Every structure is written in C-alpha cells, then in structure tokens.
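K.L.:
sequence unavailable; structure follows:
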C-alpha cells in the first residue's frame, strides 16, 4: 500500500478495502476517495463527509456550542470568553482558581492550559494562546475524569477514558528518565503494531513550570510507585494515554446525554468530550460536565489504545455512509 502519513486515513483506506469498496489515495498526506458502484466520497485525514459544514462550524466554536448545550439543561463549566488582556483580571476574580485557558476555536489540545492557580500563570497562558487565536476562554477547572464518547447516527460506537501524561516512580530514575522510558515503550508498541503513531510525551517550558509549581523538577526522583502527572490535559496527541471502554461502562443517562448533544448540534458523527466523576452514576451538575465536540475524529486512539480492546470505529462509519448492512 502507498504510504499514508495520516493514521486515520490508513484506517479508513484499509477498512474500505475490507468492505469491498474502492479506495483511491489522492495524496499521501491523507486525502482519499472512497467509492462503490453508485457514489463516491472524499476523506481528508480524520475528516469525513458525514456532517454538514454549517453544523461543523458551529460545533468548532466552543462558546456557541456551549450556549446551545446549556440551553437544554446539560451542565457545562463556568466560563468567560475574552479577547483583551485588560479584562483578564476581572474574569479570573469572577470564576476563581483553579482555571483553564484555551482558544474558543481550536483543537487537538493546542494552547490549552489547565490547573492554573495564579494570575501570573493565567496571564502567561493567555498571551501564548493569543499568538494564534483571537478569543480565549477562561474556564473553571475540574479534576473529574476525561471521557470521550464517539456517536454515529444516534448510537455510541466507541468510548475512551483519557488520562493526562504521567509517569510512575521506581525510586531510582529521574522524571526525565521515566519520560524517555515511557516514550521508548510506546514507540516499540506502535512498531510492533505496524503503525507510526506519534504519542510521545513532550513537555513545553510552560508545562515544566507547572510541574515545578507542584514541587517537581525533571531531575527529581519520585519514590517507588509515586504517580507524577506531567500535564493537565489528556489529549492523546500531546502525550496523554487512553483506555477503551464499552458503552455499558457508563450510566444510561450519560449515553443518552451524548446522543442528545449530537442531535442538538446536528452532527451525524462526533466525539463528545465529558468530565465525569463517577461513570456509574447519572449525568448531572454534581457528577459531570460537557466540554466540547470533535467532528474531525482521530481514530488512532480507538484502534491503538494504551489499554483496552481495539474498537473498529471506521467499520460502522463506512457502513453508514454507503448504507451497507453486510458484516465482515
């Protein structure tokens, strides 16, 4: 097979062939054309033709999507959107620490800063995000667990429990050495699977400063079995880890909520990110919060999780798109 530089595109390509569809590589960066005898569709990396473009635009705007979700009585974090530095102090005072700073429009965990506990930290995060983005969300931080549920046409077809990058001490190695060891372990695993998935832990200067604020240096030697959380965000693309779980893992109200969110935003395919304290309890203000939706859903975490079983999400996606009922 011609080399594809997108893991999601590789998955769609191979799944299409397995289903007896025609798959043509337009560009090695991840541009595909998948066809049957009646119709054809373009795929661009993790982007599919399932969602209408206006719905995608609305869902990418975190402020707009949160307003629509909150209107339906679904809990969201307290937040303020600002674009001027002089309004920052007032926003921080109103919401209170700890905080999250992130772009109103953006994805992949880029310029998302969590567990901010001082005005200086928030100001630094705001200035970094403003280098690329206009409007920045200042949001109340929650320590609840990060879950991603993948919804297709009103059905949950995959789910992930996501954790921020972390290492476990052995009483001998430094944090830097533990990070290198974990990265080597991940690289070996992906090579054995025949993928070139990049899931390395990389700490920016800002992340290192936040680590220092917790009392750790890269040269620190954690005690045996001591878990050291390296970042606040759980995005796999920035070194986070994930575990696949099935929908039965969640209380039925959580499953109903993510389906309702996909319907509110008029999205056939979306990954809904939630913060949940206890997945076995009902989804309400005390137990969970809506974070955001993702329409360009990367499939690598579902196929190559750090733990858990593979979830072949591309299969129902392509079957739905081409109205296929046969199974592999």
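P.N.:
Nice, thanks for sending it over. Everything quoted here is computed from the prediction, not taken from an experiment.
K.L.:
center of the protein, which residue is that?
P.N.:
Central residue of the chain (Cα atoms, centre = their mean): residue 235, 4.7 Å from the mean position.
K.L.:
quick check: that residue vs residue 114, distance?
P.N.:
With distances taken as Cβ to Cβ, to the nearest Å, residue 235 is found 11 Å from residue 114. Using the backbone N, CA and C atoms, a C-beta is placed for each residue, glycine as well.
K.L.:
do residue 37 as well
P.N.:
Taking Cβ to Cβ, one finds residue 37 at 49 Å from residue 114.
K.L.:
ok, those two, which is more surrounded?
P.N.:
Between residue 37 and residue 114, counting by other Cβ atoms under 10 Å, residue 114 is the more crowded of the two (21 against 7).
K.L.:
pLDDT at the more buried one, what is it?
P.N.:
Per-residue pLDDT puts residue 114 at 91.
K.L.:
quick check: closest non-adjacent residue to residue 170.
P.N.:
Closest residue in space to residue 170, ignoring its immediate chain neighbours: residue 224 at 5.7 Å, by Cβ to Cβ, 6 or more residues apart in numbering.
K.L.:
let me see the contact set for that neighbour.
P.N.:
Counting by Cβ atoms under 8 Å, 6 or more residues apart in numbering, residue 224 touches 169, 170, 171.
K.L.:
now do the SS call for the last one.
P.N.:
Following DSSP: H, G, I helix; E, B strand; the rest coil, we place residue 171 in the coil state.
K.L.:
that one contacts residue 221, doesn't it?
P.N.:
Yes - Residue 171 lies in contact with residue 221 (Cβ atoms under 8 Å); the separation is 7.0 Å.
K.L.:
compare these two (neighbour count), which wins?
P.N.:
Ranked by neighbour count (other Cβ under 10 Å), residue 171 and residue 221 place residue 221 first, with 16 against 10.
K.L.:
and the more buried one, how far from residue 228?
P.N.:
Per Cβ to Cβ, residue 221 is found 10 Å from residue 228.
K.L.:
packing partners for the host helix or strand of residue 302?
P.N.:
According to DSSP states H and E, residue 302 maps onto helix 300-303. Other helices and strands packing on helix 300-303, by 3 or more Cβ pairs under 8 Å, 6 or more residues apart in numbering; DSSP states H and E, are helix 7-18, strand 155-163.
K.L.:
just tell me which of these ends up closest to residue 252.
P.N.:
Of all the helices and strands packed on helix 300-303, strand 155-163 sits nearest to residue 252, with 10.8 Å by Cβ to Cβ.
K.L.:
for the record, mean pLDDT for the closest one?
P.N.:
Averaging pLDDT along strand 155-163 yields 97.
K.L.:
so for that strand, what gets flagged as buried?
P.N.:
156, 157, 158, 159, 160, 161, 162, 163 (16 or more other Cβ atoms under 10 Å).
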